[in-house]
Each structure stands twice: as C-alpha cells, then as structure tokens.
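Participant: Any chance you could fold what I've pasted below:
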Amino acid sequence: MGLLGRLRDLLHREVEPALSVDDPDLVVVAEAFDVAEADSAVLARSPRWRAEEPAVLRHHLSIPADQVERARELLAPDGWVLVAGDVLHASRVQKLDALHCAQERSRMASLAQRLGGDALGWDALQPAR
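Facilitator: You can find the predicted model right below:
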C-alpha cells in the first residue's frame, strides 16, 4: 500500500470511544485462572465478551514487593499500568483475541518467574451493557 493509501486509511478510520484501565463502568467479561485451559476456550465460553470492542486485559501477578518497580520499568514502555496490592495487577487497553491473550499470558509468566513470583491468571474487562 502506498503512502496515499495509508494516509486515506488513517483519515477514514473509525474513532473508537476511549477506554481507560480505571474506568468505573468496567466489568469482568472473561477470566482465565486455570493454566490448562486455552485462552481461545476462555473467550469462546464467555457470553459477555464483545470481540469487536476494545477491552482491558488485566493480569494478576504475585511478585515480591522489592521487584514491583522493576516490573513497572519493564512493562510501562508497552502501555501496561501496574497497580500494587496483595496481588499486582498489570492492565492495558487492547483489542482482545485468543492469540494476544496467549502471548501476553506467556510474557507475564516469564516476567513473574524472572522476578521471583508467579502469574496467577488474567481477566478481561469491558464496559457494562
């Protein structure tokens, strides 16, 4: 595609409503806390997930307190927002599909392991309807 085609696509792209990881209207529409269950199965069994709309993908991580800032440094460049508590939440707005869920689950498991912790699972949130 040429430069003019890309420019035309940018100008004619539909504007999606902004979604924020801390939107109070968000509800859990899918969740995966069983490592044996495929992400595609999680999404397929969820009647509330709307595939055509952006979602907040939220990973639940158990990471030692002294490693939280390191996790933040590693994830922030890719738009992840970390909220510390008993369980660390790494959240990001994105278009959700099975491939990206699986990739991010693997990434979070690797990160948690390197920092001496564990990836507990993930959930997806979208505005209530």
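Participant: The helix or strand containing Val27 packs against which elements?
Facilitator: Assigned by DSSP states H and E, Val27 belongs to strand 26-32. For strand 26-32, the elements it packs on are helix 39-44, strand 118-127, judged by 3 or more Cβ pairs under 8 Å, 6 or more residues apart in numbering; DSSP states H and E. All C-beta atoms are positioned from the backbone trio N, CA, C, and that covers glycine.
Participant: Need the winner for burial among those.
Facilitator: Stretch with highest mean neighbour count among the helices and strands packed on strand 26-32: strand 118-127 (a mean of 20; mean count of other Cβ atoms under 10 Å).
Participant: Just name the shakiest helix or strand of the chain by mean pLDDT.
Facilitator: Counting by mean pLDDT, DSSP states H and E, the chain has its least confident helix or strand at helix 3-12, which shows a mean of 65.
Participant: Tell me which residue lies nearest the centroid of this protein.
Facilitator: Against the mean C-alpha coordinate of the chain, by Cα atoms, centre = their mean, the closest residue is Leu57 at 2.3 Å.
Participant: Please report the distance of that residue from Leu74.
Facilitator: Plainly put, Leu57 is 16 Å away from Leu74 if you go by Cβ to Cβ, to the nearest Å.
Participant: And Val68, by the same measure?
Facilitator: Between Val68 and Leu74 the computed distance is 11 Å (Cβ to Cβ).
Participant: now swap in Gln126 and tell me
Facilitator: Gln126 is 26 Å from Leu74, by Cβ to Cβ.
Participant: surely Ala128 meets Asp23?
Facilitator: No. Assessed by Cβ atoms under 8 Å, Ala128 is found out of contact with Asp23, at 10.0 Å.
Participant: Which of these two has more residues huddled nearby?
Facilitator: Legend: neighbour count by other Cβ atoms under 10 Å for Ala128 and Asp23, higher for Asp23 (14 against 11).
Participant: In terms of helix, strand or coil, where does that one fall?
Facilitator: At Asp23 the chain is in coil, as set by DSSP: H, G, I helix; E, B strand; the rest coil.
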